[in-house]
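# give me coordinates for this.
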Amino acid sequence: MKNSTFWATFTTISLVLAGGLLQESKASNNFQEVAQQPNCKSPQTTLDMNMCSSQEFKAADTKLNQLYQQLRPKLNSKQQQRLTVAQRSWLKFRDETCSYEAGHFEGGTLAAPVYISCRAKVTQQRVKDLEDYLKQANL
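Numbering: from 1, shown residues only. Predicted coordinates:
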């Protein structure tokens, strides 16, 4: 994202948030509720896309970490080491893959939501992988 685009977006978001905080209490609460609850079924703004993708990523990442912590104790030390190496490699893969996907929109406002959405999607796939590993370890 170009610096001018970033700062324009940052300034716009800051002004919108500041404007909401300056409203009277009831209006401010309504603004915060709307800002905190975007329509993720059909996000209309870049900010909504970012917020929805971030929520989706956070949920997937939390699940991923839970599964990883459940799986490790079920493995022997050699498999634990392999899992650690695989997970570190996977993190690099995820970030590089998503940088590639977002690169199609470099300099535009869609770059950030595409990157965040990609991280959610790729993390959800890794969750499925770890769920399968956990099932195998429980056999």
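
# look up how far Leu71 lies from Trp80.
If you look again at residue 80, you'll see it is Gln, not Trp. Here Gln80 is placed at a distance of 9 Å from Leu71 (CB to CB, to the nearest Å). All C-beta spots, glycine's among them, are computed from the backbone N, C-alpha and C.

# which one's more surrounded, these two?
Using other CB atoms under 10 Å as the criterion, Gln80 and Leu71 rank with Leu71 on top: 20 against 14.

# report how many residues lie close to the nearest residue to the more buried one once chain neighbours are set aside.
Once flanking residues are discounted, Leu71 sits nearest to Leu134: 5.1 Å by CB to CB, 6 or more residues apart in numbering. When counting by other CB under 10 Å, one arrives at 14 neighbours for Leu134.

# in terms of helices and strands, where is Lys78?
helix 77-103 (DSSP states H and E).

# on that earlier part again, could you list the buried residues of the strand or helix carrying the residue nearest to Leu71?
Under the criterion of DSSP H and E, Leu134 resides in helix 111-137. Of all the residues in helix 111-137, those buried under the rule 16 or more other CB atoms under 10 Å are 111-124, 126-127, 130, 133.

# thinking again about what came up before, got the contact list for the residue nearest to Leu71?
By CB atoms under 8 Å, 6 or more residues apart in numbering, the contact set of Leu134 is Leu67, Gln70, Leu71, Lys74.

# okay, and which of the residues you listed map to helices?
Judged by DSSP state H, the subset of the contacts of Leu134 located in helices is Leu67, Gln70, Leu71.

# excluding sequence neighbours, find me the nearest residue to Thr123.
Nearest residue to Thr123, sequence neighbours excluded (CB to CB, 6+ apart): Ala60, at 4.0 Å.

# list the contacts of the one you found.
Residues near Ala60 by CB under 8 Å, 6+ apart: Ala120, Thr123, Gln124, Val127.

# if we can go back for a sec, in the helix holding Lys78, which residues are buried?
Going by neighbour count (16+ other CB under 10 Å), the buried part of helix 77-103 is Leu83, Trp90, Arg94, Cys98, Glu101, Ala102.

# biggest separation within the contacts of Ala60, which pair?
Ala120 and Val127 (10.4 Å; CB to CB).
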